[in-house]
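A.B. asks: Need coordinates for the following:
(2 chains)
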Amino acid sequence: MSKPKYTIAVTGLNAIDSPGPGLAIIRGLRDAKSFDVRIIGLSYEALEPGIYLHEYVDKTYQIPFPTAGQEVLFERLTYINEQENIDFLYPNFDAELYNFIKLQKQLENVLNIKMVLPTIDQFEERHKINLYEYGLKHGINVPKAQPVYNTFEIPAIANQYGYPIVVKGKFYDAKVAYNMEQASQHFNKISTQWGLPILIQAFVRGSEVNVCGIGDGNGHLLGAVPMRKLYITDKGKAWAGITLDNEKLLEITKNMVESTKWKGPFEMEFVKTVEDEYYLLEINPRFPAWCYLTVGAGQNQMEALVNLAMGGKVEPFTEYKIGTMFIRYSNDLIVDINEFEKISTVGEL
Amino acid sequence: MRIKKNIAVSDTGFLFNPSTGDSYSVNPIGMDIVQLMKLNKENDEIKKAIMNDYFCDDATFEKDFYDFTMVLRNYKLLDDE
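C.D. replies: Numbers count the residues shown, from 1 in each chain, chains lettered A, B, ... in the order given. Below you'll find the model as predicted:
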């Protein structure tokens, strides 16, 4: 029986030290058994390495930054779709997701481009600022946290939680402070880059464990793979990791998907304490950069998500290989300046 | 004293705890002890087997075996905690 061939557009081609998930997703899609793919890269900057990795990405188009708004994005996607006839689109950046969620119906009805994404309510509810209340609502342990708009507010919260505390940006970045001086420094640095409010969170000591999974939007967990970070970069990113045998973590994940009726991919980030308690630090509403580990462990979640959108039968994954490792590496691509010129000027390569 | 059932031990002395992702290396005597623990052998049986295979007096075995099991306990590899 012949397989269908889908044209799939993917963002997040920035395979850098804090990598986007695009290339990992593309590898998963190229490994898919149930369909063949033509990959269209969607890039924001001319130096995203994925643009030049032609064995993974068939053609790349620049798209406008999220701040340009939904109308401009839709116009650009309309043009790209006229050239490529896109079947499915994988947005992969937190910052772009709001626009894509808002455009989801329009993209499907007008351009026939499908996506599997959380609803806007699911997306908003799990923001760092709302996460403590989110945990209370869905029965998940979350470290106590309070938003602050001024460094004067920090001592009272620090007295309540005790040092160390975690100073977090509303979108990105988190630093541990062991005294008020450090807390002020982190507050100023993070707020300059990411704005206010800053979140002051109780510090939970333990090891970082994450889950990469997908929900079908009806409360069913279609796949989940827990991973422990074995090597963490100075940016807090996993450079190596290993799949775990962890029923408790899978149970928490299953409950979250059932309770929220989560739709689409997600990454849940936890701290596991020495008492074997799990505290949720973050829910990312997309695949993480390490998602190719799920393919290595026997769950091609990227393939499953496309089949879910295309109306194919998607059976939930019931197992994965425990002890599968990933080790990230960096590489230098040699690129002809003509290619750089083309993507920089024409916006296509 | 039992080693946790899900702890994997290779022939080269590589221990893997699939619950935590931690891995350890043990020397040949350590590997023999862990293999005997996996077979649910009692301490006396482990002592007999090790002293049969290695040149070692009673006191040294007792001390080193105690130290070794303390390490296993610290790393939460034993079932008795």
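
A.B. asks: Could you give the separation of whichever strand or helix holds A:Leu29 from the chain centroid?
C.D. replies: For A:Leu29, the enclosing helix or strand under DSSP states H and E is helix A:22-30. A distance of 13 Å separates the centroid of the chain from that of helix A:22-30, by Cα atoms, centre = their mean, to the nearest Å.

A.B. asks: same question, stretch B:14-25
C.D. replies: 14 Å.

A.B. asks: Can that stretch be said to contact chain A?
C.D. replies: Yes. Using Cβ under 8 Å from any Cβ of the partner chain, stretch B:14-25 reaches chain A at B:Phe16, B:Pro18, B:Ser19, B:Thr20, B:Gly21. Every C-beta, even on glycine, is put in place using the N, C-alpha and C of the backbone.

A.B. asks: how about the residue positioned nearest the centre of chain A, secondary structure?
C.D. replies: By Cα atoms, centre = their mean, chain A has its centre lying nearest to A:Arg286, at 3.6 Å. Secondary structure, DSSP: H, G, I helix; E, B strand; the rest coil: A:Arg286 is coil.

A.B. asks: Can you verify my assumption that it contacts A:Ala95?
C.D. replies: No. The pair A:Arg286 / A:Ala95 is not scored as a contact, 10.8 Å apart, by Cβ atoms under 8 Å.

A.B. asks: What lies in contact with the worst-scoring helix or strand of chain B on mean pLDDT?
C.D. replies: The helix or strand of chain B with the lowest confidence, counting by mean pLDDT, DSSP states H and E, is strand B:8-9 at a mean of 86. With contact meaning Cβ atoms under 8 Å, 6 or more residues apart in numbering or on different chains, strand B:8-9 is reached by A:Gly323, B:Leu15, B:Phe16, B:Pro18, B:Met31, B:Val34, B:Gln35, B:Lys38.

A.B. asks: and the next element down the chain from that strand?
C.D. replies: The helix or strand immediately downstream of strand B:8-9 is strand B:14-17, counting by DSSP H and E.

A.B. asks: which bits of chain A sit near chain B?
C.D. replies: Proximity of chain A to chain B, by Cβ under 8 Å from any Cβ, involves residues A:Ser207, A:Met227, A:Arg228, A:Leu230, A:Gly241, A:Ile242, A:Thr243, A:Leu244, A:Asp245, A:Asn246, A:Ile322, A:Gly323.

A.B. asks: let's see it at 7 Å
C.D. replies: Contact residues, chain A versus chain B (Cβ under 7 Å from any Cβ of the partner chain): A:Arg228, A:Leu230, A:Ile242, A:Leu244, A:Asp245, A:Asn246, A:Ile322, A:Gly323.

A.B. asks: For the helix holding A:Leu29, buried residues please.
C.D. replies: Neighbour-count burial for helix A:22-30, counted by 16 or more other Cβ atoms under 10 Å in any protein chain shown, picks out A:Gly22, A:Leu23, A:Ala24, A:Ile25, A:Ile26, A:Gly28, A:Leu29.
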